[in-house]
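# only geometry, no sequence info:
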């Protein structure tokens with residue numbers, strides 16, 4: 001800020017502690033991946049192909065879950081807002097605020113769950129528990145069961161299904177992280193008037209939980225298991241064929257692009273602090289600040305704000321920018337582009353289409369626009385706990401536009417995937433191990449129309465390692 005006004009007091013950890021600890025935690029993730037890759041290089045190729053989890057996957061899962069525990073207990077975010085009428089005259093606008101009272105609001109993940117339940121939003125608490133605790137626990141159970149039954153005769157197919165389920169649900173442990181990024185941007189954007197002060201930051205709970213989400217999602221894709229579509233999507237692929245697929249995918253891509261660009265610039269979340277007790281409301285009206293207590297944010301605006309804070313050295317803003325710019329936006333756009341390219345090459349031949357489909361498979365698993373959309377819905381439901389304190393959070397129309405774009409993304413992905421696998425039954429997305437040959441043979445035998453062999457199909461394992 002240009003003036004020397006003092007920021008509202010925030011609880012939780014000081015920013016310098018968050019930055020130092022955050023860098024240490026990020027370094028821990030990078031080192032474990034590097035160490036695991038080096039160990040994998042030393043192992044024989046035969047030994048690597050006989051196990052579902054390479055060493056780098058095991059180490060990354062171990063470190064990610066080690067971060068999950070403190071992520072549940074440490075401070076997740078802190079924010080505060082007040083009216084500054086002079087050195088000894090301040091009015092708090094947040095929960096429990098009032099004349100001369102302006103305590104900061106600080107919550108951990110467990111604190112959010114507890115307060116949401118106490119304030120009567122049982123559904124909100126249940127949804128947070130589902131995403132933050134139940135899904136991570138369920139992933140561990142599925143991994144254990146999948147590995148335990150891997151070498152048991154008649155249980156190998158069940159083992160594969162367990163691992164496939166882990167890959168599907170892995171990214172869904174972190175939807176509310178995206179919304180907390182937006183929420184802190186909304187609070188910070190209120191700090192524009194000379195009498196209205198606002199501050200907020202993401203704390204170490206966010207750091208740990210975000211690294212868990214990203215780390216465990218990447219690790220799950222390194223687990224070797226085949227991934228094929230069955231049922232309606234392959235039937236749609238048979239109906240469309242090579243030439244018909246591009247005629248459908250091209251207009252879907254155009255529709256997605258229009259909705260995505262428009263939705264990214266529209267409001268996805270809004271914050272309103274004007275619903276407060278009559279005494280504070282009267283002061284705001286007299287100062288002409290009532291309209292200043294409304295803030296709106298789009299994903300574009302949030303990423304620009306994150307970039308500004310990254311330049312100031314904030315580690316959590318860097319994490320937030322990576323989650324939004326790379327995982328939410330980047331991988332989603334990349335996947336749609338790859339699907340279009342795959343459909344284009346499929347029309348003229350299979351080999352190039354296979355290669356692009358392998359990369360699209362990885363991009364789809366890492367794309368998090370769907371997760372971010374769900375996160376905004378979840379947090380607006382959770383923030384009902386502050387409604388009696390005058391804090392109201394709502395969704396914006398940009399969220400629904402992006403939801404429509406993501407529906408198109410899903411349809412396009414499964415249409416292309418089903419068609420490519422129908423045309424080429426020998427295509428093996430994912431990272432199959434030797435024990436998966438029986439399933440591949442069954443599908444080749446029943447797939448019918450297949451295709452000539454392709455010695456250059458490759459494996460998604462190579463793509464993941466390169467990424």
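Yes, it's here. From a predicted model like this one, the values you see are computed outputs, not experimental measurements. Residues are numbered from 1 along each chain as shown.

# nearest residue to the middle of the protein?
residue 368 (4.3 Å; Cα atoms, centre = their mean).

# what pLDDT does it get?
For residue 368, the model assigns a pLDDT of 96.

# isn't it up against residue 328?
Yes - taking contacts as Cβ atoms under 8 Å, residue 368 lies within contact range of residue 328: 4.8 Å. C-beta coordinates here come from the backbone N, C-alpha and C atoms, glycine included.

# what segments of the stretch 251-400 of the chain are helices?
With DSSP state H, counting those that start in this stretch, the ranges of helices along the stretch 251-400 of the chain come out as 278-287, 299-311, 315-321, 331-348, 350-366, 369-382, 397-423.

# show me what counts as buried in stretch 189-200.
189-191, 195-200 (16 or more other Cβ atoms under 10 Å).

# stretch 300-311 now?
Result for stretch 300-311 [16+ other Cβ under 10 Å]: buried residues 300-303, 305-306, 309-310.

# need the contact partners of it.
Residues from elsewhere that reach stretch 300-311 (Cβ atoms under 8 Å, 6 or more residues apart in numbering): 181-182, 185, 188-189, 264-265, 317-318, 320-321, 324-325, 329.

# now stretch 250-261
Contacts of stretch 250-261 (Cβ under 8 Å, 6+ apart): 332-333, 336-337, 339-340, 343, 401-402, 404-405, 408-409, 411-412, 415.

# any idea of the angle the helix or strand where residue 210 lies forms with helix 350-366?
With elements taken from DSSP states H and E, the one containing residue 210 is helix 204-221. Orientation note: helix 204-221 sits at an angle of 150 degrees relative to helix 350-366 (axes from the mean of the first three to the mean of the last three Cα atoms, to 10 degrees).

# tell me if residue 76 really is in a strand.
Yes - looking at residue 76 with DSSP: H, G, I helix; E, B strand; the rest coil, it is inside a strand.

# what about the closest residue in space to it that isn't next to it in sequence, distance to residue 111?
The shortest distance from residue 76 to any non-neighbouring residue, by Cβ to Cβ, 6 or more residues apart in numbering, is to residue 205 (3.8 Å). Distance of residue 205 to residue 111, computed by Cβ to Cβ, to the nearest Å: 9 Å.

# so what sits against both of these two?
In contact with both residue 205 and residue 111: residue 76, using Cβ under 8 Å, 6+ apart.

# who are the contact partners of the residue lying closest to residue 379 once chain neighbours are set aside?
Counting by Cβ to Cβ, 6+ apart, residue 179 is the residue found nearest to residue 379 once chain neighbours are left out, at 3.5 Å. Residues in contact with residue 179, defined by Cβ under 8 Å, 6+ apart, are 269, 372, 375-376, 378-380.

# recalculate using a threshold of 6 Å.
375-376, 379 (Cβ atoms under 6 Å, 6 or more residues apart in numbering).

# most neighbours among those residues, which one?
residue 376 (26 neighbours; other Cβ atoms under 10 Å).

# now that residue. Nearest residue, chain neighbours left out?
residue 179 (4.8 Å).

# that neighbour: what secondary structure?
Taken by three-state DSSP, the conformation at residue 179 corresponds to helix.

# mind checking how far it is from residue 399?
In terms of Cβ to Cβ, residue 179 sits 10 Å off from residue 399.

# just for the stretch 251-400 of the chain, where's the confidence low?
274-281, 283-292, 349-352, 388-390 (pLDDT under 70).

# what's the answer for the stretch 51-200 of the chain, then?
If you take pLDDT under 70 as the line, the stretch 51-200 of the chain has these spans: 51, 93-102, 193-194.

# 50 instead, please
Applying pLDDT under 50 to the stretch 51-200 of the chain picks out no residues at all.

# what segments of it are strands?
75-84, 90-92, 105-108, 196-202 (DSSP state E, counting those that start in this stretch).

# and the most far-flung residue of the chain relative to its centre, backbone torsions?
Distance from the centre of the chain peaks at residue 88, with 43.5 Å (Cα atoms, centre = their mean). Dihedral angles of residue 88 (phi, psi; degrees, to the nearest 10) stand at phi -120, psi 20.

# please name the residues that touch the residue nearest to the centre of the chain.
Residue 368 touches 171, 327-328, counting by Cβ under 6 Å, 6+ apart.

# again, but for residue 205
71, 74-76, 108-109.

# mind giving me the PyMOL command for buried ones among the residues you listed?
Remark: buried members of the contacts of residue 205, expressed as a PyMOL selection using 16+ other Cβ under 10 Å:
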select buried, resi 71+74+75+76+108+109
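
# farthest pair in the contacts of residue 205?
Maximum pairwise distance among the contacts of residue 205 (Cβ to Cβ): 10.5 Å, between 71 and 75.

# nearest to residue 53 among the contacts of stretch 250-261?
If you rank the contacts of stretch 250-261 by distance to residue 53 using Cβ to Cβ, residue 332 comes first, at 27.1 Å.

# isn't the closest one right next to residue 367, touching?
Yes - using Cβ atoms under 6 Å, residue 332 is in contact with residue 367, at 4.2 Å.

# looking at the contacts of residue 205, spot the one nearest residue 162.
Nearest to residue 162 out of the contacts of residue 205 is residue 71 (Cβ to Cβ; 24.6 Å).

# now the contacts of residue 205 in a markdown table, with distance to residue 59?
Formatted as a markdown table, the contacts of residue 205 follow (distance: Cβ to Cβ, whole Å):
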| residue | distance to residue 59 |
| --- | --- |
| 71 | 18 |
| 74 | 23 |
| 75 | 27 |
| 76 | 26 |
| 108 | 27 |
| 109 | 24 |
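
# who does residue 226 bridge with?
For residue 226, the beta-bridge partners are residue 430 (DSSP bridges).

# relative to residue 361, how far out is it?
Counting by Cβ to Cβ - residue 226 and residue 361 are separated by 11 Å.

# now do the contacts for residue 381.
residue 124.

# circling back: of the contacts of residue 368, which is the most crowded?
Top of the contacts of residue 368 by neighbour count (other Cβ under 10 Å): residue 328, with 25 neighbours.

# re earlier: which of the contacts of residue 368 sits closest to residue 67?
After measuring these against residue 67 - Cβ to Cβ - the closest member comes out as residue 171, at 15.8 Å.

# closest to residue 354 among the contacts of residue 205?
residue 71 (38.6 Å).
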